[in-house]
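Novice: please find the sequence and the predicted model below.
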Amino acid sequence: MNALVIPTNSAERLAEFLEAWAPWPWDRIIVIQDAPTADLTIPGALREAAEQRLEVHAWDDIDAVIPDPSVISRQDSAIRSFGFWRAWATGAEIIFTLDDDCYPCGEGFVEAHRDNLYRTPAWQSSVPGMRVRGLPYRNAGVLRDVHVSMGLWRGVPDVDAVSTLAGRDEPLGAVRTRVMPAAQYFPLSGMNVAFRREVACLMYFPPMGLGRPFRRFDDIWGGLTLQRVCRHLGYAITCGDPVVDHRRASDPFVNLEKEAPGIAANEHVWETVDAVPLTGTTPHACMVELGTALAAEEGYLGDWGRGILGWCRMFESAPVTAPVAP
């Protein structure tokens, strides 16, 4: 079974999203509505499919389900973490996530992510696009350790507000899926991602939004802890296809105000994560180590660490329950 997690703060935009992606290529769609209560109207033609595959959660559902609701963010796309846990708890083997302003860009979205996770070749050319000497013709092998696939976007690029306002948001060129270097960090964009259930406990987007000092760095900083553990465990992450059509739904001036507090912190927060020693042999054990180390820090880092530990507890005793009707 596979599941899509989609956060939204606009019922109207979500309805357009659901219509654009029909017929849905996912077994289950988990909507996390960033509002006190769920308020979603399903387009008439999709109501029958929705009864079988769609579930909607809002703040009140989160409060009722998890022991410490403060672990999950409000008024920020980091609220999607609850959907990751929900997908894992209900048995999803591959968990996808998209932003609600991302639309189909060709066919084979699910298949492309699945190929990245399970069929990435063990060999690649040292010169992209060129068959150099020594590259096997038939026996390129398959990597067994790819656990996360990040897709890219056409249309509006996923750049920061400063670059957008400066006119430096150039369109995406040719896309080649590649395995990201384990020794380097890269900005993980949460708008188009798929991952195996084995690493669901690593997909925690840290506390942001309501009552927090930072916004719009949730996927970037969540990507730090993900990459730190994947490096330690020898798990690979791919980046490239599948591509989605991104139609910006946010105002760059508003985004600049939201991003400003995190810009300076982003210069150094990665060093704190990078310095945490890991000895665990499982994703959960490593995440607990990271959470414990960050919880010993002052200020926001300590809050983030306590959030990670609360998040890890959710994976220690999660029941498998039936979907919630929309």
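Specialist: On my side now, so go ahead.
Novice: quick one: the helices in the chain?
Specialist: 11-21, 47-53, 59-65, 80-89, 109-118, 161-165, 218-233, 252-266, 269-274, 283-295, 299-314 (DSSP state H).
Novice: for those, which one ends up most surrounded?
Specialist: helix 80-89 (a mean of 25; mean count of other C-beta atoms under 10 Å). Where C-beta positions appear, they are placed from N, C-alpha and C, glycine not excepted.
Novice: that one packs against which elements?
Specialist: Secondary-structure packing of helix 80-89 (3 or more C-beta pairs under 8 Å, 6 or more residues apart in numbering; DSSP states H and E): strand 2-8, strand 28-33, strand 54-57, strand 94-98, helix 299-314.
Novice: try 10 Å this time
Specialist: Contact here means 3 or more C-beta pairs under 10 Å, 6 or more residues apart in numbering; DSSP states H and E; on that basis helix 80-89 packs against strand 2-8, strand 28-33, strand 54-57, helix 59-65, strand 94-98, strand 192-196, helix 218-233, helix 299-314.
Novice: wait, which of the ones you listed is closest to residue 205?
Specialist: Across these, residue 205 has its closest neighbour in helix 218-233 (3.9 Å, C-beta to C-beta).
Novice: export the closest one as CSV, just CAs?
Specialist: What follows is helix 218-233, C-alpha atoms only, in CSV (Å, rounded to 0.1, in the frame of the first residue of the first chain):
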residue,chain,number,x,y,z
ASP,A,218,10.8,22.9,8.4
ASP,A,219,11.7,20.7,5.5
ILE,A,220,15.2,22.2,5.3
TRP,A,221,16.0,21.5,8.9
GLY,A,222,14.1,18.2,9.0
GLY,A,223,16.3,17.3,6.0
LEU,A,224,19.3,17.8,8.1
THR,A,225,18.4,15.2,10.7
LEU,A,226,17.3,12.9,7.9
GLN,A,227,20.6,13.2,6.1
ARG,A,228,22.6,12.9,9.2
VAL,A,229,21.1,9.6,10.1
CYS,A,230,21.1,8.3,6.5
ARG,A,231,24.8,9.0,6.3
HIS,A,232,25.4,7.1,9.5
LEU,A,233,23.3,4.1,8.4
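Novice: angle of it against strand 94-98?
Specialist: 150 degrees (axes from the mean of the first three to the mean of the last three C-alpha atoms, to 10 degrees).
Novice: any idea of the mean pLDDT for helix 218-233?
Specialist: Helix 218-233 carries an average pLDDT of 98.
Novice: same deal with stretch 203-212?
Specialist: On average, stretch 203-212 scores 96.
Novice: for stretch 9-26, same thing?
Specialist: On average, stretch 9-26 scores 93.
Novice: again with stretch 96-107
Specialist: 95.
Novice: one more: stretch 291-300?
Specialist: The predicted model assigns stretch 291-300 a mean pLDDT of 97.
Novice: go on, stretch 138-146?
Specialist: 95.
Novice: buried stuff in it?
Specialist: Buried residues in stretch 138-146, counted by 16 or more other C-beta atoms under 10 Å: 143, 146.
Novice: now the end-to-end length of it.
Specialist: 21 Å (C-alpha to C-alpha, to the nearest Å).
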